[in-house]
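# Need a 3D model of the following:
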Amino acid sequence: MSYSFKLSAVSVVAFLASALAPGLLVPVAHGATPITVTSQAALDGPIRYTVRVTSKQFGNSQETRTIRSGESDDFTWKTVPPGGPVAGTDACPNYASLPLDANGAMIRQTQIRFAPVVSSDGTANVQMSFQAQTPHGVKTVTSGGKTLKCPNDVTVSQIVRFTMPVNGSAKTLTLNDGTQVTVSAKR
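Alright, predicted model coming up:
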């Protein structure tokens, strides 16, 4: 006497799943929360910022970066000043804090720390720190009883807070020394 059973594959899989892992079954949801689609990107989404510096004293530089709201980014540009790098020695005061080329001569450097926070209306509230150094010839310095020729460094530092849209339009700021910084932002 033989018995014959006919089972579907779905029944077998369901039986094995319930027998082998009875505590792991999850009830099936019969409805889902509706999803609202908007045309705007999330406020913390990536935004492309272009920062351009135009300065007679520190040169012209530009770069584009992508960051999120609440993040900060550091831009650093090193360029050769008109007339070339200015030689110095490690005996010069503050020599370690000067921007130097591979030969140890001072060059010019521009640094910007850029920190935007995008509000719910799509406006970025930005804090920007601007620091720049450049040599203007040499100065004579007496250090440790020795007379030295050291780079005559000029330094500018300023913090600016401003608001701007993130729709691609540009905002131009004029700093205390006349340097212009133009920022544009686009989602």
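# Just to check, V166 is in contact with P46?
No - between V166 and P46 there is no contact under CB atoms under 8 Å: 10.8 Å. (C-beta placed from N, C-alpha, C; glycine too.)
# So which of the two has more stuff around it?
Between V166 and P46, counted using other CB atoms under 10 Å, the more crowded position is V166 (21 against 13).
# ok, the strand or helix carrying T110: who's next to it in the sheet?
Using DSSP states H and E, T110 sits within strand 108-118. When pairs are called by DSSP bridges, strand 108-118 turns out to pair with strand 73-79 (antiparallel), strand 123-143 (antiparallel).
# Mind putting those into JSON lines with mean pLDDT and mean neighbour count?
Rendered in JSON lines, the data for those read as follows (pLDDT from 0 to 100; neighbours: other CB atoms under 10 Å):
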{"stretch": "strand 73-79", "mean pLDDT": "96", "mean neighbour count": "15"}
{"stretch": "strand 123-143", "mean pLDDT": "95", "mean neighbour count": "17"}
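# will you turn those into JSON lines that also has distance to S97?
Formatted as JSON lines, the strands paired with strand 108-118 follow (distance: least, CB to CB, whole Å):
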{"stretch": "strand 73-79", "distance to S97": "14"}
{"stretch": "strand 123-143", "distance to S97": "8"}
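# Nearest to D90 among these would be which one?
strand 123-143 (10.7 Å; CB to CB).
# beta partners of the most centrally placed residue in the chain?
What sits nearest the mean C-alpha location of the chain, by CA atoms, centre = their mean, is D73, with 2.3 Å. Applying DSSP bridges to D73 gives these bridge partners: F114.
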